[in-house]
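*Asks:* one predicted model, sequence on top.
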Amino acid sequence: MKTHTEKERCSWCLKFDQYIQYHDEEWGVPVHDDKTHFEFLILEGAQAGLSWSTILKKREGYRKVFANFDPTKVAKFTDKKLEKILLDPSIVRNRLKVFAAVNNAKRFLEIQKEFGSFDFYIWSFVNHKPIQNRRKSLKEVPATTKESDALSKDLIKRGFKFVGSTVIYAHMQACGLVNDHVESCFRYKELTSTSSKPHKK
């Protein structure tokens, strides 16, 4: 029997323990919690142009300054509060990204009102069940797909920022709308049979 350190994993996560834990426990697990969806929208928007490992190390900083990823609270942030947030070294201090978080929170609440939950809305783009891919290696994993293109286009139309198709495909991977673990990874089989039932808020 393989030990924790001997398990086969997707090679992208093998840089440090926090990354391995994220891969083993979160990445690719179907998400049906709106606050978690909002968290990943903020984190992935912050990642644009940077590495995910950089953002992962600052995750708790984001949790602290963005009200534990509560979209209702973030939507009410004033410009004065955002200027204060921009002084905090525990996050990536990018003005456009920080201000975009408040805009996206407002748009997020609009989707909740229209669809009952953001979860129901986003899962509709994959027919409410995870897409089970069969990747032999990381080279086979695309940066975007037709589903992420469609979702990104719709989010942009609704006024979201930092939601290009590459960012959105990262969201789909992280939140289990697609299973992009390589087949040799121990998590691939564990998530292949995962069922997904959307719910309204």
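*Replies:* Looks like it came in fine. Numbers count the residues shown, from 1 in each chain.
*Asks:* run the chain-centre distance for stretch 156-164.
*Replies:* Stretch 156-164 has its C-alpha centroid displaced from the chain centroid by 15 Å (Cα atoms, centre = their mean, to the nearest Å).
*Asks:* what average pLDDT does whichever strand or helix holds Ala46 get?
*Replies:* Ala46 belongs to helix 34-47 when elements are defined using DSSP states H and E. Confidence over helix 34-47, taken as the mean pLDDT, stands at 96.
*Asks:* what does the next helix or strand after it contact?
*Replies:* Remark: after helix 34-47, the chain's next helix or strand is helix 52-57, criterion DSSP H and E. If you take Cβ atoms under 8 Å, 6 or more residues apart in numbering as the criterion, helix 52-57 is touched by Lys15, Phe16, Gln18, Tyr19, Tyr22, Leu43, Glu44, Ala46, Gln47, Tyr62, Val92, Ala170. In short, each C-beta sits where N, CA and C put it, glycine included.
*Asks:* tell me the buried residues within the residues you listed.
*Replies:* Listed as buried from these are Tyr19, Tyr22, Leu43, Glu44, Ala46, Gln47, Tyr62, Val92, Ala170; burial here means 16 or more other Cβ atoms under 10 Å.
*Asks:* returning to that earlier point: if you count contacts, what does the helix holding Ala46 end up packed against?
*Replies:* Packing contacts for helix 34-47, counted by 3 or more Cβ pairs under 8 Å, 6 or more residues apart in numbering; DSSP states H and E, involve helix 52-57, helix 59-65, helix 71-74, helix 95-115, helix 118-123, helix 165-174.
*Asks:* the last one to helix 34-47, inter-axis angle?
*Replies:* Following axes from the mean of the first three to the mean of the last three Cα atoms, to 10 degrees, one obtains 140 degrees for the angle between helix 165-174 and helix 34-47.
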